[in-house]
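Engineer: pasting the structure only:
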C-alpha cells in the first residue's frame, strides 16, 4: 500500500516537472516558427528547390540535388525558375526586410523604395551572377538558351539650364540574356514583353513619355533571336 502511494506521488511529481519545463505558447514562440514554401522537383527529378520563410524577416531559397547535396543557398530568393535543360536557375531577390520596413516608415515614394535584384545560377560551375533594380523576368515555355528581364535605370538629362536643378528620370531597359555566352542584347523604353513558345522570338512594346509628343519610339517590336533582327510591327501604344 505504501509503495503504491509513493509510486503515485513520484508519477505526479514527474508530471509537474515536465509541465513546468514546457514553454508556453505566446507571440515570442510564433515569431520563431518557419514555413516551407514554393517546393518544386525538376522534370528529371534530379533537383529540388524550396524556400524557408520566417513569420517576419528574410527568407532563404535553397537548391539541392536528389541525394540532398546543397547546391545553392540564396538569402531572400523567391519566384525562382529552372531552365528546361536544367542547367541554370533564375531567381528574384527581395530587398532586406529591415530596409523595406524603414522605407515604409519614412513614407518613401514607390520609385524610391528598395528594389528587387536578380540572380542567375549556373548549376555545373556554381557561378552566381546578379543584377540590381530588376522589375521582372520571363522565360520561354520550351526554350532554354535565353531569358529576358526588365530593369529601371536612373538618368539625368544632359541639357541643363543654369540655375535649374536636374530632373532625374527612369528608363526601363529590357535585357535579353544568353545563358551560353553571358552576353545581353538591350532594348530601352520597354513596357511589356513576352517570348513565343520555343523562345526563338521576343515581342515587346515601347512607350514614350507623355510630354514628348514628337517621339516615334512607341509601338510593338519583334526581335528574331535566330537572325538577330529587330522589326517594328506597329506604331503607337500597344498591348501584349
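Structural biologist: Great, that's in hand. Keep in mind it's a predicted model, so treat the numbers as computed, not measured.

Engineer: right, and residue 195 touches residue 142 too?
Structural biologist: No - checked against CB atoms under 8 Å, the pair residue 195 and residue 142 is beyond contact range at 9.3 Å. Glycine gets a C-beta too; all of them are placed from N, C-alpha and C.

Engineer: neighbour-wise, which of the two wins?
Structural biologist: residue 195 (22 against 12; other CB atoms under 10 Å).

Engineer: and the more buried one, bridged to which residues?
Structural biologist: residue 202 (DSSP bridges).

Engineer: what sits against residue 75?
Structural biologist: Going by CB atoms under 8 Å, 6 or more residues apart in numbering, residue 75 touches 58-60, 93.

Engineer: what's across from it in the sheet?
Structural biologist: Bridge pairing for residue 75 - DSSP bridges - gives residue 60.

Engineer: follow-up on the earlier one: tell me the residues that contact both of residue 195 and residue 142, please.
Structural biologist: Counting by CB under 8 Å, 6+ apart, nothing touches both residue 195 and residue 142.

Engineer: Give the helix, strand or coil label for residue 102.
Structural biologist: What DSSP: H, G, I helix; E, B strand; the rest coil gives for residue 102 is helix.

Engineer: Next: residue 141.
Structural biologist: Applying three-state DSSP: residue 141 is coil.

Engineer: That one: neighbouring residues, count only.
Structural biologist: Quick note: residue 141 (other CB under 10 Å) scores 10 neighbours.

Engineer: Please enumerate the helices of the protein.
Structural biologist: 2-21, 27-30, 97-105 (DSSP state H).

Engineer: Would you mind listing the buried residues in stretch 184-203?
Structural biologist: 185, 187, 189-193, 195, 199-203 (16 or more other CB atoms under 10 Å).

Engineer: do you know how far the closest residue to residue 137 other than its chain neighbours is from residue 171?
Structural biologist: Nearest residue to residue 137, sequence neighbours excluded (CB to CB, 6 or more residues apart in numbering): residue 149, at 3.7 Å. Distance check for residue 149 against residue 171: by CB to CB, to the nearest Å, it reads 15 Å.

Engineer: The two: which has the busier surroundings?
Structural biologist: For residue 149 and residue 171, the more surrounded residue by other CB under 10 Å is residue 149, and the numbers stand at 22 against 13.

Engineer: who does the more buried one bridge with?
Structural biologist: residue 137, residue 175.

Engineer: Might you report the residue contacts of it?
Structural biologist: Taking CB under 8 Å, 6+ apart as the test, what residue 149 contacts is 118, 131, 134-138, 174-175, 177.

Engineer: Apply 6 Å and report the result again.
Structural biologist: 118, 134, 137, 175 (CB atoms under 6 Å, 6 or more residues apart in numbering).

Engineer: Tell me, how many residues neighbour the third one?
Structural biologist: As a burial measure, residue 137 scores 22 neighbours (other CB under 10 Å).

Engineer: ditto for the second one
Structural biologist: Neighbours of residue 134 under the rule other CB under 10 Å: 19.

Engineer: so where is this protein shaky, pLDDT-wise?
Structural biologist: 1-32, 154-169, 209-214, 236-240 (pLDDT under 70).

Engineer: can we see that at 90?
Structural biologist: Low-confidence segments of the chain (pLDDT under 90): 1-38, 55-56, 110-111, 143, 152-171, 207-218, 234-240.

Engineer: centroid residue for it?
Structural biologist: Centroid-nearest residue in the chain, with CA atoms, centre = their mean: residue 92, separated by 1.4 Å.
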